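Novice: Predicted coordinates and the sequence they were generated for:
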Amino acid sequence: MSARGNIIDGFGYAKGLRERIAGRVATLKAEHGLTPCLVVVIVGEDPASQIYVKNKGETTKAVGMESRTIVLPADTTEADLLKLIGELNADTGVNGILVQLPLPAHMSSLKVIDAIDPLKDVDGFHVQNAGRLAVGLDAIVPCTPLGSLMLLKDALKTHDDGNLSGLNAVIVGRSNIVGKPMAQLLLNENCTVTIAHSRTANLPDLCRTADVLVAAVGRPKFIQGDWVKDGAYVIDVGINRIEVDGKNKIVGDVDFDAALPRATAITPVPKGVGPMTIACLLNNTLQAACVQHGLPVPGDL
Ligand SMILES: Nc1nc2c(c(=O)[nH]1)N[C@@H](CN(C=O)c1ccc(C(=O)N[C@@H](CCC(=O)O)C(=O)O)cc1)CN2
C-alpha cells in the first residue's frame, strides 16, 4: 500500500514543463525560423482576469514566444469582438488566439469561441476541438484538464503502478471548460467515469467510490474529508477567494486539511492545478504553430 498524504507539486511541475517548452521553442526558431505567437484578448476590467492575462503575457515571453495582449473596454459590442477575431484568424503571424473568460454579460461566450479558427483555438474550447476530443481524434485539449491529467499521471507513476486503466473517476462539476473535457480525457485513459453535478443524489457516497476524485465545482471547501476514499487521488481545480480573519485567501473546492491524510496524493490550492493551466496553454500554442506550418508536432513533454 502506498503512503498517504502526498502533496502534488503543480507549481514545480509547471516550472519544469515551461523549461521544456522553452527548449522546443528555441529549436523551432533555430531550425525553422518560426516564433509562435499568442494573442490574448481581454474585455473589461475584471481584476482576477487582468492578473491571469498579465501572467500569460509574461510567461509567453519567458519561454521565447511572441505575446500580444489586446485590451478592450467592457462596453465593446459583440460584433466588434467578432470582427477582431476574424482579423486575428486571417493574420498568418498569429498562431494562438485566446479570449479571456468570463466575458461581460452582454456577450455570448459560446458565439465568441465559435468564431475562433479551431486551429488557433489554443484554449481548446471550440466545438470542433471538443468534438474531436470526444471521438478520439487529435484535438487542442483545454489547458486545465490537460494539466490536471499530467499531474495525475505523474502522481500515479510516483506513488503507484502509474496505471489509470480501470479506476473509478468521479468528476464533480460539468462545465464545458473543465468537467466535460476532463471526463473525456479520463475515459480515453480507460477510467470508469461519472460526472456529478448540483442535482446528483447522495454526492458524498458517490465521491467515496472514487479512486480519482476531481473537484471542479467552484465552491470553497465543498468536498469534505470523509467524502474521500482511502488511498484516492484528489485533483482540486477550484480557485475560490475567501476572507479569513480579515485576510484574503485562496482555497480550493476540497477541504484540503481533512482530505490530505486519506488521499494517496492531492493537489493543493494554490500551487496545484492553477500553474499548469498557463504552462499547458504555452504547449498548445507551440503545437498549434507547428500544425499551422506543416511541421511535426513535438511529442509529450
Ligand atoms: N480563456 C480562458 N479563460 C479562463 C481560463 C482559461 O483557461 N481560459 N481559466 C481561468 C483563469 N485562468 C486562466 O485564464 C487561470 C486561473 C488560475 C491560475 C493560477 O495559476 N492560479 C494560482 C493562484 C493565482 C492567484 O493567486 O490568483 C494557483 O492556483 O496557484 C492560472 C490561470 C478562468 N478563465
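Specialist: Received it, and whenever you're ready, just let me know what you need. Nothing here was measured: the structure is a model prediction, and the numbers come from that model.
Novice: quick one: contacts for the residue of the stretch 151-300 of the chain found nearest the ligand?
Specialist: The stretch 151-300 of the chain approaches the ligand most closely through residue 274 (2.0 Å), counting by CB to the nearest ligand atom. Every residue, glycine included, has its C-beta placed from N, CA and C. With contact taken as CB atoms under 8 Å, 6 or more residues apart in numbering, residue 274 is in contact with 10, 239.
Novice: Likewise for residue 163?
Specialist: Residues in contact with residue 163 (CB under 8 Å, 6+ apart) are residue 156.
Novice: Checking it next. Helix, strand or coil?
Specialist: Here residue 163 is recorded as coil under DSSP: H, G, I helix; E, B strand; the rest coil.
Novice: got a pLDDT number for it?
Specialist: Listed pLDDT for residue 163 reads 92.
Novice: Next, work out how far apart it and residue 81 are.
Specialist: 44 Å (CB to CB, to the nearest Å).
Novice: Residue 233 now?
Specialist: 39 Å.
Novice: Of those two, which one has the most company?
Specialist: More crowded of residue 233 and residue 81, by other CB atoms under 10 Å: residue 233, with 28 against 21.
Novice: That one touches residue 152, doesn't it?
Specialist: Yes. Using CB atoms under 8 Å, residue 233 makes contact with residue 152 at a distance of 5.9 Å.
Novice: Find residues that contact each of the two.
Specialist: residue 212.
Novice: State whether residue 92 is indeed within a helix.
Specialist: No. Counting by three-state DSSP, residue 92 falls outside a helix, being coil.
Novice: Would you state the helices of this protein in chain order?
Specialist: 10-32, 47-62, 78-90, 109-115, 127-135, 143-159, 179-188, 203-207, 256-259, 274-292 (DSSP state H).
Novice: now the most centrally placed residue in the chain: how far from the ligand?
Specialist: Closest to where the C-alpha atoms of the chain average out (CA atoms, centre = their mean) is residue 144, at 1.0 Å. Per CB to the nearest ligand atom, to the nearest Å, residue 144 is found 6 Å from the ligand.
Novice: one step back: let me know which of the helices of the chain is the nearest to residue 216.
Specialist: With respect to residue 216, and counting by CB to CB, the nearest of those is helix 179-188 at 5.2 Å.
Novice: residues in the chain within reach of the ligand, list them.
Specialist: Contact residues, the chain versus the ligand (CB under 6 Å from any ligand atom): 52, 98-101, 123, 143-144, 239, 250, 269-271, 274-275, 277-278.
Novice: Just the buried subset of those residues, please.
Specialist: The neighbour count (16 or more other CB atoms under 10 Å) marks 52, 98-101, 123, 143-144, 239, 269, 271, 274-275, 277-278 as buried among the residues of the chain next to the ligand.
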